[in-house]
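Student: A structural model of the following input is requested.
(6 chains)
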There are 6 protein chains.
Amino acid sequence: MLLHLSTWPEVETYLQHSQGIILPIGSTEQHGPTGLIGTDAICAEAISRGVGQATQAMVAPTINVGMALHHTAFPGTISLRPSTLILVVRDYITCLAKAGFTKFYFINGHGGNIATLKAAFSEIYAHLEDLQIPNASKVQCQVANWFMCGSVYKLAQELYSDQEGSHATPSEVAVTQYFYPEAIKKAYLCPEVVSGHKIYGAVDFRLRYHDGRMGSNPALATPEHGKQFYDLAVEELSKRYLEFVKEEESK
Amino acid sequence: MLLHLSTWPEVETYLQHSQGIILPIGSTEQHGPTGLIGTDAICAEAISRGVGQATQAMVAPTINVGMALHHTAFPGTISLRPSTLILVVRDYITCLAKAGFTKFYFINGHGGNIATLKAAFSEIYAHLEDLQIPNASKVQCQVANWFMCGSVYKLAQELYSDQEGSHATPSEVAVTQYFYPEAIKKAYLCPEVVSGHKIYGAVDFRLRYHDGRMGSNPALATPEHGKQFYDLAVEELSKRYLEFVKEEESK
Amino acid sequence: MLLHLSTWPEVETYLQHSQGIILPIGSTEQHGPTGLIGTDAICAEAISRGVGQATQAMVAPTINVGMALHHTAFPGTISLRPSTLILVVRDYITCLAKAGFTKFYFINGHGGNIATLKAAFSEIYAHLEDLQIPNASKVQCQVANWFMCGSVYKLAQELYSDQEGSHATPSEVAVTQYFYPEAIKKAYLCPEVVSGHKIYGAVDFRLRYHDGRMGSNPALATPEHGKQFYDLAVEELSKRYLEFVKEEESK
Amino acid sequence: MLLHLSTWPEVETYLQHSQGIILPIGSTEQHGPTGLIGTDAICAEAISRGVGQATQAMVAPTINVGMALHHTAFPGTISLRPSTLILVVRDYITCLAKAGFTKFYFINGHGGNIATLKAAFSEIYAHLEDLQIPNASKVQCQVANWFMCGSVYKLAQELYSDQEGSHATPSEVAVTQYFYPEAIKKAYLCPEVVSGHKIYGAVDFRLRYHDGRMGSNPALATPEHGKQFYDLAVEELSKRYLEFVKEEESK
Amino acid sequence: MLLHLSTWPEVETYLQHSQGIILPIGSTEQHGPTGLIGTDAICAEAISRGVGQATQAMVAPTINVGMALHHTAFPGTISLRPSTLILVVRDYITCLAKAGFTKFYFINGHGGNIATLKAAFSEIYAHLEDLQIPNASKVQCQVANWFMCGSVYKLAQELYSDQEGSHATPSEVAVTQYFYPEAIKKAYLCPEVVSGHKIYGAVDFRLRYHDGRMGSNPALATPEHGKQFYDLAVEELSKRYLEFVKEEESK
Amino acid sequence: MLLHLSTWPEVETYLQHSQGIILPIGSTEQHGPTGLIGTDAICAEAISRGVGQATQAMVAPTINVGMALHHTAFPGTISLRPSTLILVVRDYITCLAKAGFTKFYFINGHGGNIATLKAAFSEIYAHLEDLQIPNASKVQCQVANWFMCGSVYKLAQELYSDQEGSHATPSEVAVTQYFYPEAIKKAYLCPEVVSGHKIYGAVDFRLRYHDGRMGSNPALATPEHGKQFYDLAVEELSKRYLEFVKEEESK
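Tutor: Numbering: from 1, shown residues only, chains lettered A, B, ... in the order given. Next up is the predicted model:
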């Protein structure tokens, strides 16, 4: 059930039997010479909708732009600063919590979002208690990274071994290929891809990772792989979402 | 050309011949008993993509959540506060301007965004000059409201006359029906719809506008109307976008 | 009744029969070679006091500095950033609303303030509801631009036709001449005045509008015209203020 | 020379021989049963203009609303929060420093502004250096409290002794009577006026200081006293302003 | 009783008989060629602990970094901006006030903190009332500057006369020598030390005060002096702390 | 080498051969019935100083208060909000980076700080590049959690097995016992300690974890264990710090 394709009376009805909502969050950032700039948002959105269908859960509109400051030396990248993203997530959850939602499940497509999301959750719990909204103390937020699902990780190792890398990976590229076969890009990929450096600022990142990839060979990706990854992620996250909404409240 | 379906080298190439980008901005807010919560984002996104195709312009990912605080007493509405939205737009434009974009064309689906967007533009021009980024003084932002296009307005008057209203209008509902025929909703619409009150806070809004509509009769909408509105908006805004990017810089 | 010339017990008494207050807001910005930097504040203050006298309304002290970032490349201009102005207006209204005021009528002398004021109003309604102050949902803010009054506009057209322009206009200069005849300035005004460009950043603005005027010929202004404009604006805005405070609350 | 009654070319000319500017800052706050809510702004503005005339200095528009949170339990008080006032002062000085001003002399009418102004100055020096504006390291700000002038203090002791008190004092009331004789207020003043409590929050303040006065007997004020105070303050601050603008820069 | 060496049940017990807490606040800033960068924090912490022992008061962990922007042109200085320090103090007091503390006694080792602390207190009183926490109106904050104690000042005059100066003073250096005899530094101190300039920005400060001292001769300090200053400060501030916690609340 | 016990010329000298600095960060939060509120700060400070001695590195003053919002329902806890902590860390690093430091090694004693620190690092890299300070792109920040050192973890498993738990653990309590044997606390510890719940808001946390412990049995701690943990952490983190400062810069 997509929030964007629902009416407010439908949301009112939904809230009578569930207070859970899935929030896809991605990023708008370079993904190497062949990866789509929207890769992280595309994956998060597709998998969120899959989980939503499987679990009858409400799915919020996708947060397309996340925390990708370290990629901003490559054109096309858009990033919120962490302090902005905290405010954005705070505004989202405050509105939804006032309406009655209490279980916020962020399905995330980008590692760079994790720290800021977790910081935001802490900020928000305190904010909601300060606002004294009913059920403030029942609000629970979780971030689920589809690319860190056990089943996804296992398949990526089987298919790509150490060519999976950690950015612009064949697994995420495969998922975008499955959903946007018309946007499969070809380009020369230098076989000696850099890996292993820590991530600091944007200028430093581009100096280290010349074409934007981090140890990955996205040429290995296929749309068929993408479907496999998608199916695994949807299955695993659906299970976890259902556990999350069933998780007992404190007393 | 969708930024989300592009690679960073494609963006680099694009920037060699154009510094313009279209940014769809909508809202996630109640649209009466039958209007979709995503109406404003759906319309802005669809029309932006149409304009992008017609003009070969780059289209950024949609800002799905805008300034809709006055709708937050209806469940399902998500709103940024104006101060948050200013930061969001500042972060978007700062990233893109550093990469070389200078012409920012926001295609907007929601009247409530206009004031904050204009305030944000002022904040941003000063911010970019403070950062001393090259071309700071060339950065230009415009907001184009598809629903205020002359041709759109004229058609809405012809088709719906005074039943067009000013929120959850048949014209915007029609556009969503054209793009999401599977999500056409039916519900009882009280024929005595309220109109004419000014907009203040959320509690007040809901007390005045009981079912969320403002003077509109969205039951008049059809997908065919939607196509007409879409075509008119794309044509008119394409012309205006091209004028905007051609607009001479100051010397 | 000027707030600055009242005592707190007088305010207490006033609040027993009216919850309305007029807030003059101007700007401190260049107004071409002959216009006073305080033009917008002077006009807003004078007209507000006139309306206050005509309607027995309380008039707050003038907000002398508004949103004029685009004029800051001319010396003498002072501007708040939009995000600062939002906080200023929030602080004003929060104090006054806690004391019992609910109807805030901003009489505005500067087009550049409008967007930020409207954004501020949205921010404030939500802020007051968050604070859970009594009557939060009754708070109503309006901005009334004296220079956009129908009667004022009509007279400006009659007197100056297309030489009215849109900044450093003869009509606003005339009002300042009426109130400060000792500060009527003379200077060479290039007859070929620029007009028609959109407003972007400060550097761009000065490059386009070399002497600060936008299509106007302020040499046409006279103190007598000023009195006429003043009288018209006071009359029209007094009527509108009274309608505003009488406007029914939602139930 | 009042900035509000000047044109931008006049400011440009002024800057060729002086980089100093006087900024009156007052407050909008209760001043007991008979003191005007605008007392602090009225005094600061009048004395600033006197100093401006005596020294040929530019005088900025008055900051009418300052930091008066502790008075907000009395109706009619408007206060900025310290964090807002810091931003306001930062915006003022940033605009003026970019135009070439470097010596900022705040003539202050309210003790409650001092701490925040000093905090703001520190914030601003660092901000201007961050912006790398020319002359950033030459910018100097001072706050001069007219009511703490040696000559003013001495006269207040002579005239009122321990009935001067520390808020709604006869000396400041006298200055407002001199400038606004039409607004001299009469009301019963309980002779047992409280004094000696420290200032904490607004609720606490009103509980301690029932009618708003702090140990003062404003009934002793006369317009003639007001003239004396005014003359003394103008003379003393004019001397100090001239010393300030002559103060050598670091090398 | 040190908060850091207590358990939460011990704090719970403490709150049953006292709502007071001492908060040491120092700075991390250059103190001339021989003064320790931590001088202000070391003094504040030591004296706070002394006062805590003498009065059985709870002592919070030391705020090691304060407002020292004007010293930042010397390496090793760390400063919060005033706006950051306001938030820090707000967060501290909000947590402690929610737990039941109402009397906050800041023992301060650095003149540069005073203005920002006072601004913070005003901000915080309003913040706590906005949060509607119980006892919000009973919260009282004071800043006590150990170096401004009458007894301390008198001894400094006796021992050092005009060589006490106003930064990197022998009195504060002596206190650090008493507590850290192993860190007594020797270096050439130019006998012609600058004094008398006002404090503006960091660049200006270093240009004026070449080695960081302001009119002081820290070579006069001895650990024995340090003990004397410490004893005097502890005695005087202990008395004042006890008066503060006994100070009657408003009714 | 402790920054607080150094002079600015000593820092200047230090910077000629190293640009690295260790920043201890802890927390001020409940640690169960027997754990000290300062546990995390005590551990981080002690281990940082050990690493500083072993590596000749500069050690900054301890950040005593971190992100512990989820513990604030227990008295004695003080927490910064994530958004405040980001500003604090930004101010620290900006000052130090301007002075020439480029390698920032946070030795952290509290899991709750990690997300916010990582978010802060991203914010700061972008901030420094915006400020255009020299070497901005060379600035590198890392957070090292002493309690997650391999050797520490292994020993905790050997000594305490599943009674180590995840908050108020015997390992961290042991370290505080080693450094503060005079502050070893005894109290009844319910043997059925809760574990396994996720962390959400403060009210929820206290409802779940009644006495503040999370699955731990701190009664197992001894000062001798503390020495062992300390030695292991210092050894492991010293090695990692040296690798960090030697890590090649991007080119």
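Student: please count neighbours and contacts with C-alpha atoms only from this point.
Tutor: Will do.
Student: assign A:V89 to helix, strand or coil.
Tutor: Following DSSP: H, G, I helix; E, B strand; the rest coil, we place A:V89 in the helix state.
Student: mind checking the SS state of the residue nearest to it when sequence neighbours are not counted?
Tutor: Nearest non-adjacent residue to A:V89, counting by Cα to Cα, 6 or more residues apart in numbering or on different chains: A:A120, 6.8 Å away. At A:A120 the chain is in helix, as set by three-state DSSP.
Student: just give me the neighbour total for the residue of the stretch 51-200 of chain A found nearest chain E.
Tutor: Closest residue of the stretch 51-200 of chain A to chain E, Cα to the nearest Cα: A:D130 (6.0 Å). The number of residues packed near A:D130 is 16, by other Cα atoms under 10 Å in any protein chain shown.
Student: pretty sure it contacts E:L128?
Tutor: No. Using Cα atoms under 8 Å, A:D130 is not in contact with E:L128, being 10.0 Å away.
Student: could you report the neighbour count for the residue of the stretch 151-251 of chain A found nearest chain B?
Tutor: Residue of the stretch 151-251 of chain A nearest chain B, by Cα to the nearest Cα: A:A183 (6.3 Å). Per other Cα under 10 Å, the neighbour tally for A:A183 reads 17.
Student: and what of A:Y14?
Tutor: 16.
Student: check the one 3 residues further on too.
Tutor: Neighbourhood size, A:H17 [other Cα under 10 Å]: 8.
Student: which residues touch it?
Tutor: The contact partners of A:H17, by Cα atoms under 8 Å, 6 or more residues apart in numbering or on different chains, come to none.
Student: in which helix or strand does A:V143 reside?
Tutor: According to DSSP states H and E, A:V143 maps onto strand A:140-145.
Student: next structured bit after that strand?
Tutor: helix A:150-160.
Student: what does that following helix contact?
Tutor: A:146-147, A:164, A:170-171, A:220, A:229, A:232-233, A:236.
Student: could you dump those residues to TSV with pLDDT, neighbour count and distance to C:S27?
Tutor: Listed next are the contacts of helix A:150-160 as TSV, based on pLDDT from 0 to 100; neighbours: other Cα atoms under 10 Å in any protein chain shown; distance: Cα to Cα, whole Å:
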residue	pLDDT	neighbour count	distance to C:S27
A:W146	98	26	52
A:F147	98	23	53
A:E164	97	24	58
A:P170	98	26	56
A:S171	98	32	56
A:L220	98	16	61
A:F229	98	26	58
A:L232	98	20	60
A:A233	98	25	56
A:E236	98	16	59
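Student: where does chain A dip in pLDDT?
Tutor: A:249-251 (pLDDT under 70).
Student: in it, which residue is most central in space?
Tutor: Centroid check for chain A by Cα atoms, centre = their mean gives A:N108 as the closest residue, at 1.7 Å.
Student: dump the residue contacts of that residue.
Tutor: A:24-26, A:40, A:44, A:114, A:143-146.
Student: repeat that with 7 Å
Tutor: A:24-26, A:44, A:143-146 (Cα atoms under 7 Å, 6 or more residues apart in numbering or on different chains).
Student: OK, contacts around A:A144?
Tutor: A:106-108.
Student: chain A: helices as residue ranges?
Tutor: For chain A, the helices defined by DSSP state H occupy A:8-17, A:39-55, A:82-99, A:114-131, A:150-160, A:170-179, A:202-208, A:223-246.
Student: quick one: list the elements packing against the second one.
Tutor: What that stands for is helix A:39-55. Packed against helix A:39-55 by the contact rule (3 or more Cα pairs under 7 Å, 6 or more residues apart in numbering or on different chains; DSSP states H and E) you find strand A:20-25, strand A:58-59, strand A:103-108, helix A:170-179, helix A:223-246.
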